[in-house]
Each structure stands twice: as C-alpha cells, then as structure tokens.
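Student: please work out how this folds:
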Amino acid sequence: MSKVSLQSVPGRVVGPASAPYSQPRPYGTETILEISGFCVDFPRAAGAKKVLDGVSLSLRPGEILGLVGASGSGKSLLAKCLLRLERPARIISGSCRLQGREITRMTPKQMMPLRGRLIGYVPQNPLNALDPVYSLGFQFREVLAANGAKGLGRASFLSKVLHWMKMVDISEAAARLGQYPHQWSIGMLQRALLAMSFSASPQVIILDEVTSALDPTITLQIISVILNLRDQNRTAIMFITHDLAVASQVCDSIAVLHQGRIVEQGPTQQVFEAPSHPYTKQLASSLVL
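Tutor: A predicted model of the protein is given here:
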C-alpha cells in the first residue's frame, strides 16, 4: 500500500506541530445506537451469500465513529441495510437498537418515520441523492416538511433554510434557493445535503464517504462543517471512509471492517498506533504521522 502523509492530505484539522490524531472530545456515556451480531446475505440461485457476518458496533451521543476498510468490505452496505435502503440484501440475524428500539424487525414502511428524524444518512454522491428537476429550495422544503415542519409560511421557511445554509457556510443562500443541482459544485451540494440532514435534528447521522469526491481544500471545509454541526447538536456520527488520514483527524474511535467482519475497534490513536489484527497493521502501515 502507498504511504499517506498527514501533513499534505485533506482533512488535517490541526496544525503540523499539533498532535497527529483527533483529540478526545466529551460525549455521552449512554449508548444511542447498538449493533450486535448483525448478519446480512444476498439470496442467489446457488444459495445465499453472507456479506456481513456478526458486525457489532456502538455509538454514543456526540461521538464520531470511523468505519474504515477497503472498497467492497461492506461499509456502505451496512449503512443501507440499517436504513432498509439496500435490496435484495436481507438481515438474517443480529440486533440493532436505536434509542432502545429494536429496528431490525421493522418493515421498510415502519422505518420511514425514523429516517431523517431519528437517523439521517448522507450518501457519497450528492448528485444521485438530489432530484435534478427540482430546485434546491424546493427540495429543502420537502425535507423540512417530511420531518415535522409542515405548514411553514414562506417567511418561516426561508428563515429556517437560510439558518441552515449559514450553518454550512453557503454564501448568497437566498439567491441560490431557486437554482438546480447541476448549477452547484459537488462541494456545495455536499454542504446542502449536510444542512438538510442536520436540520431534522436526528440523534444519529451516517456519513457515507462524504469527502471522497472532493479536492483537499473543500474536504477540509466540509470536515470543519461536520465538526461544528456535531458540536452544536451532540449528534452521534458514523463516518464511513477509506481515507485513513481523514479518519485519524476526525474520528474519536475506529472500527475496521474486513470482508464483512469487524476485525478491530477502539480509540483512534490506539487502533492506528498499536493495531493487533494483521489487516489493521497493513492499514496502519500506510499512515505516515
């Protein structure tokens, strides 16, 4: 694996003379999301293929958990299965409790009221997440309406949207609301999705490779936005990424997913400086501090 230097990669939140890892931040002691023995397979003509095998994770309010691993290890699949967004994948065993509620046995219809309000999701490609035929303002209003803000007057709606646009550092927001996704850059669209997701004040947000398509400068800005939103809302975040340098700077803890299994997890510095699993050692060896 090629070496990755923290001094030159996107997402370096601290200065070169500072500690190389994300510094511990206060977060709640209670568990808000607990995944235990989570197994998923894909039905096939020749028999089912298990793709997630006994995954166990937990998240506390205000904590950022980094889910890292190679492409195809099951990171995005786990997120989509939790939200019932991946078909024909099926949950065959295990438990996932969200604020004490068991959601693995819920139907997609039962999950709909929880999406957004209780657990949010920001996908990797904002162009795929937004409808190209509707303006950004219309889509933002739809998100607000779906999450308990129906019946807002024009002035109240505009005030709420502009507040969240300001939170993610989108300039000239009022003039931009009538524009369409193709008129925005990828970085600006990613900010818009973050604003939409956080505006519902969910307890948990899953961020799926939200910096992978961005250049270094925009990545740093997006990371700053995420940290600020987390600090103000005490949101628990599952940060899915294959960028170890970004994970080392942003995440409080790390879980390493390899071939559908969690092979190691713990505080960020511990995982990268004293890895115990051979696969984690390979990953850590690519990170130059």
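Student: wait, a helix at residue 144?
Tutor: Yes. Under DSSP: H, G, I helix; E, B strand; the rest coil, residue 144 falls within a helix.
Student: thought it was touching residue 160?
Tutor: Yes. Between residue 144 and residue 160 there is a contact at 6.4 Å, judged by C-beta atoms under 8 Å. In this view, the C-beta of every residue, glycine as well, is placed from N, C-alpha and C.
Student: who's more crowded, the two?
Tutor: The neighbour comparison of residue 144 against residue 160 (other C-beta atoms under 10 Å) goes to residue 144, with 21 against 16.
Student: roughly how far apart are the more buried one and residue 100?
Tutor: Residue 144 sits 27 Å away from residue 100, going by C-beta to C-beta, to the nearest Å.
Student: residue 36 now?
Tutor: Separation of residue 36 from residue 100 (C-beta to C-beta): 13 Å.
Student: more neighbours: these two, which one.
Tutor: residue 36 (15 against 9).
Student: tell me the contacts of the more buried one?
Tutor: Going by C-beta atoms under 8 Å, 6 or more residues apart in numbering, residue 36 touches 56, 94, 95, 96, 97.
Student: residue 90 - nearest residue in space that isn't next to it in sequence?
Tutor: In space, and not counting its chain neighbours, residue 90 is closest to residue 41: 6.3 Å by C-beta to C-beta, 6 or more residues apart in numbering.
Student: can you tell me the SS state at the one you found?
Tutor: Assigned state for residue 41: strand (three-state reduction, three-state DSSP).
Student: is it bridged to anything, and to what?
Tutor: Taking DSSP bridges as the rule, residue 41 bridges to residue 50, residue 90.
Student: the helices in the chain, which residues?
Tutor: For the chain, the helices defined by DSSP state H cover 75-82, 108-111, 126-129, 136-146, 154-167, 173-176, 186-199, 216-233, 244-250, 268-273, 278-285.
Student: take those and lay them out in TSV including distance to residue 49 and mean pLDDT.
Tutor: Below are the helices of the chain laid out as TSV (distance: least, C-beta to C-beta, whole Å; pLDDT from 0 to 100):
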stretch	distance to residue 49	mean pLDDT
helix 75-82	12	91
helix 108-111	22	84
helix 126-129	25	86
helix 136-146	34	86
helix 154-167	41	84
helix 173-176	45	88
helix 186-199	31	88
helix 216-233	34	84
helix 244-250	28	88
helix 268-273	29	90
helix 278-285	21	87
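Student: for residue 207, find the nearest of the ones you listed.
Tutor: Checking the helices of the chain against residue 207 by C-beta to C-beta gives helix 216-233 as the closest, at 6.9 Å.
Student: then the closest one to PDB, C-alphas only?
Tutor: The C-alpha atoms that make up helix 216-233 are tabulated as PDB, following Å, rounded to 0.1, in the frame of the first residue of the first chain:
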ATOM      1  CA  PRO A 216      -8.200  18.900  -0.500                       C
ATOM      2  CA  THR A 217      -9.400  22.400   0.300                       C
ATOM      3  CA  ILE A 218     -13.100  21.600   0.100                       C
ATOM      4  CA  THR A 219     -12.500  18.400   2.100                       C
ATOM      5  CA  LEU A 220     -11.000  20.500   4.900                       C
ATOM      6  CA  GLN A 221     -14.000  22.900   4.800                       C
ATOM      7  CA  ILE A 222     -16.600  20.000   4.800                       C
ATOM      8  CA  ILE A 223     -14.800  18.400   7.800                       C
ATOM      9  CA  SER A 224     -14.900  21.700   9.700                       C
ATOM     10  CA  VAL A 225     -18.700  21.900   8.900                       C
ATOM     11  CA  ILE A 226     -19.300  18.400  10.200                       C
ATOM     12  CA  LEU A 227     -17.400  19.000  13.400                       C
ATOM     13  CA  ASN A 228     -19.300  22.300  14.100                       C
ATOM     14  CA  LEU A 229     -22.700  20.700  13.500                       C
ATOM     15  CA  ARG A 230     -21.800  17.800  15.700                       C
ATOM     16  CA  ASP A 231     -20.600  20.000  18.500                       C
ATOM     17  CA  GLN A 232     -23.800  22.100  18.400                       C
ATOM     18  CA  ASN A 233     -26.300  19.200  18.100                       C
END
